[in-house]
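# sequence first, then the predicted structure, then my questions.
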Amino acid sequence: MSITAREFLKAAVVPREAIDRFLDPDACNWAYFDPELGYLLKDYVARDGVDDCYTINHYLPTGARRMVNYADRPCRINTYGDSFTQCHQVSDGETWQEYLAAHLGEPVRNFGIGGYGVFQAYRRMLREEQTDCSAEYVILNMWSDDHLRSIYPCRWIQLPWFHNVIHGGREPFMFHANPWSHLRFDPDTGRFEECDSPCPTPESLYKLCEVDWVYETFKGNFDVQAYLASQGSSDADTVMLNRYADALGVDVDFGSVETMAAAGGALLRACSLRSSMYVAERARDFCQAGGKKLMIHLSYDDETVQRACGGEDRFDKMLVGYLSENDFLFVDTLQKHAEDFAQFKCTPEQYTARYYIGHYKPAGNHFYAFAVKDAVVEWLDPKSPAYIAGGVSLKDWAATLA
């Protein structure tokens, strides 16, 4: 029997004790509430690293992850994105920002937050780039699943596999993905709308504990209906989804369980990639208005890298083509991985095991730092200390930035 919208959303109801703990400032939590972005990170130690080690994660009063290399020098590079920007599963000095900073001879600030989508990372960028941590050079990272997260009003709903992890007593408590600011595609206008969080206060989070509120609030959302279709559910609103298909230019067929499942996945993919194009435009406009320079990074999970190394087509051709055709400065690390894989005699699975433990292990972050290094070196003006002809003292280099 196919799942209904009510069954699906009932499974996403949050236990009240989970909200109690998430809002407790003295509890051992991974994250804490933010009215716009859903949550931000706090210091934590977790046994999630390479060789089953504990990783050590510190966050500065600014909200950035602790800088290690050249932290006493002026910082002109800020990075935004999800856990592949945050560098989940490694300790402070093992992030790709720190490997890159050590090589360049100047600091690289890390504003990554695990679980964010492209839109949420962009909204964090807007916030931080209007503070004393503002930087001239801004990197916005787009990871495999980030495109979808931008259009989720509450990503928790889309994480049924994660609910048992949260409730299993893991330390630190990993509750997150609560409602946040998000994008909504309007099929009548063909445009995206920037929407506020449906739970903008700590007290309002308790609505997530109410079955009827969760059902009535989210049942008609595009992401829920497209997900139901992707599961072949007879409860999916195909009339609504056909409107989205027409607006997005996606051919769909809801005539059978199999074609419905393909249609739901295709609609989610098309809408989410279009949302990242929207964010890219907004980010570029913001940076240009503020005299900043924008670089976009495309990063990927291990399964996507395996498929690329095996010669399969990539899922984000639409986005890559858009960035190229519209003269965005970007680095495609999927292509970097494919070029690197060609130097080995192993399977794609053996190749990704060198770099991934879910997220990048330290070796993966080292690979990533040097995969983007050439583009960053070419981008910066004046050059980093490591790339100034004849060499320069760090003191003299810092003076040139003043």
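Great, that's in hand.
# poorly predicted segments of the stretch 151-300 of the chain, please.
Within the stretch 151-300 of the chain, the segments meeting pLDDT under 70 span 161, 163-171.
# helices of that one, residue ranges please.
For the stretch 151-300 of the chain, the helices defined by DSSP state H, counting those that start in this stretch cover 160-166, 211-218, 222-230, 238-248, 257-289.
# so can I have CSV of those helices showing mean neighbour count and distance to T131?
All C-beta spots, glycine's among them, are computed from the backbone N, C-alpha and C. CSV is the format used below for the helices of the stretch 151-300 of the chain (neighbours: other CB atoms under 10 Å; distance: least, CB to CB, whole Å):
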stretch, mean neighbour count, distance to T131
helix 160-166, 13, 32
helix 211-218, 16, 33
helix 222-230, 24, 32
helix 238-248, 17, 36
helix 257-289, 19, 14
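# nearest to F328, out of those?
In terms of CB to CB, the element of those nearest to F328 is helix 257-289, at 6.1 Å.
# and the closest one with helix 222-230, angle?
Relative orientation of helix 257-289 and helix 222-230, computed by axes from the mean of the first three to the mean of the last three CA atoms, to 10 degrees: 150 degrees.
# relative to helix 238-248, how tilted is helix 257-289?
50 degrees.
# using JSON lines, lay out the helices of the stretch 151-300 of the chain together with distance to D340.
Below are those laid out as JSON lines (distance: least, CB to CB, whole Å):
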{"stretch": "helix 160-166", "distance to D340": "30"}
{"stretch": "helix 211-218", "distance to D340": "41"}
{"stretch": "helix 222-230", "distance to D340": "32"}
{"stretch": "helix 238-248", "distance to D340": "34"}
{"stretch": "helix 257-289", "distance to D340": "25"}
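# looking at these, which is closest to C28?
helix 160-166 (13.5 Å).
# give me the contacts around stretch 351-370.
48-50, 83-84, 87-90, 94-97, 99-100, 103, 299, 301-302, 305-306, 309, 333, 340-341, 344 (CB atoms under 8 Å, 6 or more residues apart in numbering).
# in stretch 23-34, what counts as buried?
Neighbour counts using 16 or more other CB atoms under 10 Å place L23, N29, W30, A31, Y32, F33, D34 of stretch 23-34 among the buried residues.
# what subset of the contacts of stretch 351-370 is buried?
Among the contacts of stretch 351-370, the ones that count as buried (16+ other CB under 10 Å) are 48-50, 83-84, 87-90, 94-97, 99-100, 103, 299, 302, 305-306, 309, 333, 340-341.
# got a pLDDT number for the closest residue to R21 other than its chain neighbours?
Distance criterion CB to CB, 6 or more residues apart in numbering; nearest residue to R21, sequence neighbours excluded, is A27 at 5.0 Å. At A27, the pLDDT value in this model is 92.
# helix or strand: which one has A27?
Assigned by DSSP states H and E, A27 falls within no helix or strand.
# so how far is Y54 from it?
Noted for A27: a distance of 19 Å to Y54, by CB to CB, to the nearest Å.
# report the central residue of this structure.
Taking CA atoms, centre = their mean, the centroid of the chain lies closest to D82, which sits 3.2 Å from it.
# now the residue nearest to that one when sequence neighbours are not counted: how far from A375?
Residue nearest to D82 in three dimensions, not counting chain neighbours: Y116, with 4.6 Å by CB to CB, 6+ apart. Y116 sits at a distance of 22 Å from A375 (criterion: CB to CB).
# neighbour-wise, which of the two wins?
Shown here are Y116 and A375; by other CB atoms under 10 Å, Y116 has more neighbours (31 against 14).
# show me what contacts that one?
Going by CB under 8 Å, 6+ apart, Y116 touches L37, G81, D82, R124, D146, R149.
# now the two most distant members of those.
Largest pairwise distance in the contacts of Y116, by CB to CB, is 13.8 Å, between L37 and D146.
# before we move on, the earlier item: ok, and the most crowded of the contacts of Y116?
G81 (30 neighbours).
# which SS class is the residue nearest to that residue when sequence neighbours are not counted?
Nearest residue to G81, sequence neighbours excluded (CB to CB, 6+ apart): N141, at 3.0 Å. The three-state label given to N141 by DSSP: H, G, I helix; E, B strand; the rest coil is strand.
# is it correct that N141 is in contact with R124?
No. With contact defined as CB atoms under 8 Å, N141 does not reach R124; the gap is 11.6 Å.
# so what's the residue count around D52?
Count around D52 with other CB under 10 Å applied: 8.
# can you give me the pLDDT of it?
Value for D52, per-residue pLDDT: 94.
# if I look at it, how far off is K361?
From D52 to K361 the distance is 12 Å (CB to CB).
# can you check L323 too?
28 Å.
# need the phi and psi values for W96.
With angles defined as degrees, to the nearest 10, W96 sits at phi -70, psi -30.
# show me what contacts it?
Here W96 is in contact with C87, Y360, N365, H366, Y368, A369, V372 (criterion: CB under 8 Å, 6+ apart).
# okay, and which of those residues map to strands?
Using DSSP state E, Y360 are the members of these that sit in strands.
# and the contacts of W96, which is closest to W213?
Nearest member of these to W213, counting by CB to CB, is C87, at 35.9 Å.
# for the closest residue to that closest one other than its chain neighbours, give me its contacts.
Spatial nearest neighbour of C87, excluding adjacent residues (CB to CB, 6+ apart): T95 at 3.7 Å. Neighbour list for T95: R65, Q86, C87, N110, N365 [criterion: CB under 8 Å, 6+ apart].
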